[in-house]
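>>> Structure for the following, please:
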Amino acid sequence: MLKIVYPICCGIDVHKTFVVATLATTDRENITTYQTKRFSTFTRDLRAVALWLSDNHCLQVCMESTGKYWIPVYNILEPSCRITLAHPKYVKAIRGKKTDKKDSIWIADLYKHGLVPGSFIPPAEIREIRDLLRYRSKLVAFASSEKNRVQNSLTVSNIMLSSVVSDTFGKSSSAILSHLLKHPEDQDFDFLPLLHGSMRKKKNEIALAIDGTLSEVQADKITLCLSHMEDIKSYIAQIKENAMRLAAPYSGAVAIIQSVPGIRQFSALAIFSEIGADMSKFHSDRHLCSWAGLAPSNDQSAGKKKSVRISRAGVYIKPLLVQCANAAIKDTDFPHYRTRYEAIKRRRGHKRAIIAIARMMLTAIYHMLSNGEFFNPELYEKAQYKPGFVASSEEHAVKLLRHLGYSVVKASESA
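Numbering: from 1, shown residues only. I've put the predicted structure just below:
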């Protein structure tokens, strides 16, 4: 028989307009009685849920993370209950025997035995910062989409600036595009005064690139896209200002994260908003890396490993850490990450190598926040690691020497 971990607990099945809550009470003879009630998701009824649980001396609550619908329930119950938010895969009921009432009972049964691992939910203040910064990442994606639309319109109009310049939205390119939008009928204008720096060396190529026809429809579309991009930039700046203000009480933790090579202030704030400052929420650094989607998966059956791909977890923090890892391997002041990257890249390729560097950085952040210490480069000076290429046989040794630029000839051949 499984041990009862929570004699009094509640399982909640969450929906958009209502929740079904089952209170499971287990006596000393291990007999469990159930009380099931249905409440709407209006604030008044959610407060009634909190009062009902309090009257029954229930502090332990488990519910499934259903879209965004769990958030208002969580916000109301958080002050009075210890809530475990479960991933749907951990509380999935048996197919064909599912009702809302049975789902809530099933969640309560699993939870009372301690079989439901909880998701990491940072404190409310950090959740507010995280929500702002996630919205900012969406706005950055919207701005990139608008840039692509402008580029598509230029391509359709046979204006091939992207084939000549590295950045279509650079200073010189933007000035040329602005003139084309104001005077679409002006085909042979003097664009030399609009060029800056090394762009003047490409005047002949630019003349060929802007020899196109910008229709009124495409010009209007580009104007709208550029206007939207300016609005998005102002929104991003405002969000950044609000996030920095909200993060002022956590400046110490953000400074610790920022001390890692490759991580700047705003990236440190974004990482902090995802993982928080309390590392006791994670069992170990490996647990944190697995939560962030930077750990290889375990998929083994009949003694055969099928896949070691990283999981899809860490939708926001994983790309951010990869960006920081790409910056870290270019840091000349701290070459350790570059050395490790090159060693892994030779054996495993760029993608796996950069994920490995991102995991190293997150592991360092875990221990730094746990101990309240800043990044210490001296700890890496005597670090031991495997070389990028191990000469395990004669063939490998010859290959290594040729890779280093040597010409290898057998002794018998030279004689």
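
>>> Any regions of the stretch 151-300 of the chain where pLDDT drops low?
187 (pLDDT under 70).

>>> and the residue nearest the centre of the chain, what is it in contact with?
Closest residue to the average C-alpha location of the chain: residue 316 at 1.8 Å, with C-alpha atoms, centre = their mean. For residue 316, the contact set (C-beta atoms under 8 Å, 6 or more residues apart in numbering) comprises 134, 137, 270, 274. In this view, the C-beta of every residue, glycine as well, is placed from N, C-alpha and C.

>>> Could you save these as JSON lines and add columns showing neighbour count and distance to residue 394?
JSON lines is the format used below for the contacts of residue 316 (neighbours: other C-beta atoms under 10 Å; distance: C-beta to C-beta, whole Å):
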{"residue": "134", "neighbour count": "14", "distance to residue 394": "54"}
{"residue": "137", "neighbour count": "16", "distance to residue 394": "51"}
{"residue": "270", "neighbour count": "25", "distance to residue 394": "50"}
{"residue": "274", "neighbour count": "22", "distance to residue 394": "49"}
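
>>> Go through these and name the one nearest residue 220.
residue 137 (29.3 Å; C-beta to C-beta).

>>> Regarding the closest one, which helix or strand does it belong to?
helix 124-156 (DSSP states H and E).

>>> ok, then the element right after that helix?
That would be, after helix 124-156 and using DSSP H and E, helix 171-182.

>>> before we move on, back to that, the helix holding residue 137 relative to helix 171-182, how many degrees between them?
Helix 124-156 runs at 60 degrees relative to helix 171-182, counting by axes from the mean of the first three to the mean of the last three C-alpha atoms, to 10 degrees.

>>> Would you reformat the contacts of residue 316 as JSON lines and include distance to residue 124?
Listed next are these as JSON lines, based on distance: C-beta to C-beta, whole Å:
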{"residue": "134", "distance to residue 124": "15"}
{"residue": "137", "distance to residue 124": "21"}
{"residue": "270", "distance to residue 124": "18"}
{"residue": "274", "distance to residue 124": "15"}
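
>>> next one: the helix holding residue 137 to chain centre, how far?
14 Å (C-alpha atoms, centre = their mean, to the nearest Å).

>>> Which neighbouring elements make contact with that helix?
The helices and strands touching helix 124-156, judged by 3 or more C-beta pairs under 8 Å, 6 or more residues apart in numbering; DSSP states H and E, are helix 216-246, helix 265-275.

>>> Deepest in the core, which of the ones you listed is it.
helix 265-275 (a mean of 22; mean count of other C-beta atoms under 10 Å).

>>> other SSEs contacting that helix?
Using 3+ C-beta pairs under 8 Å, 6+ apart, helix 265-275 sits against helix 124-156, helix 216-246, helix 251-258, helix 317-328, helix 350-371.

>>> Give me the angle between that helix and helix 350-371.
Helix 265-275 runs at 80 degrees relative to helix 350-371, counting by the same axes, to 10 degrees.

>>> thinking again about what came up before, now do the phi/psi pair for the residue nearest to the centre of the chain.
Main-chain torsions, residue 316, degrees, to the nearest 10: phi -100, psi -40.

>>> Please tell me how far it sits from residue 129.
Going from residue 316 to residue 129 by C-beta to C-beta, to the nearest Å gives 12 Å.

>>> circling back to that earlier point, out of the contacts of residue 316, who's nearest residue 326?
Distance to residue 326, by C-beta to C-beta, is smallest for residue 270 among the contacts of residue 316, at 15.3 Å.

>>> who does residue 14 bridge with?
Per DSSP bridges, the residues bridged to residue 14 are residue 19.

>>> wait, doesn't it sit right on residue 72?
No. Residue 14 is not in contact with residue 72 according to C-beta atoms under 8 Å; the separation is 9.4 Å.

>>> Tell me which of those two has more neighbours.
Using other C-beta atoms under 10 Å, the more surrounded residue of residue 14 and residue 72 is residue 14, with 25 against 15.

>>> tell me the pLDDT at the more buried one?
pLDDT, residue 14: 93.

>>> Give the full set of residues in contact with it.
Contacts of residue 14 (C-beta under 8 Å, 6+ apart): 63-64, 66, 69-70, 73.

>>> Look up how far residue 355 lies from the closest residue to residue 292 other than its chain neighbours.
Excluding its sequence neighbours, the residue lying closest to residue 292 (C-beta to C-beta, 6 or more residues apart in numbering) is residue 314, at 4.0 Å. Noted for residue 314: a distance of 11 Å to residue 355, by C-beta to C-beta.
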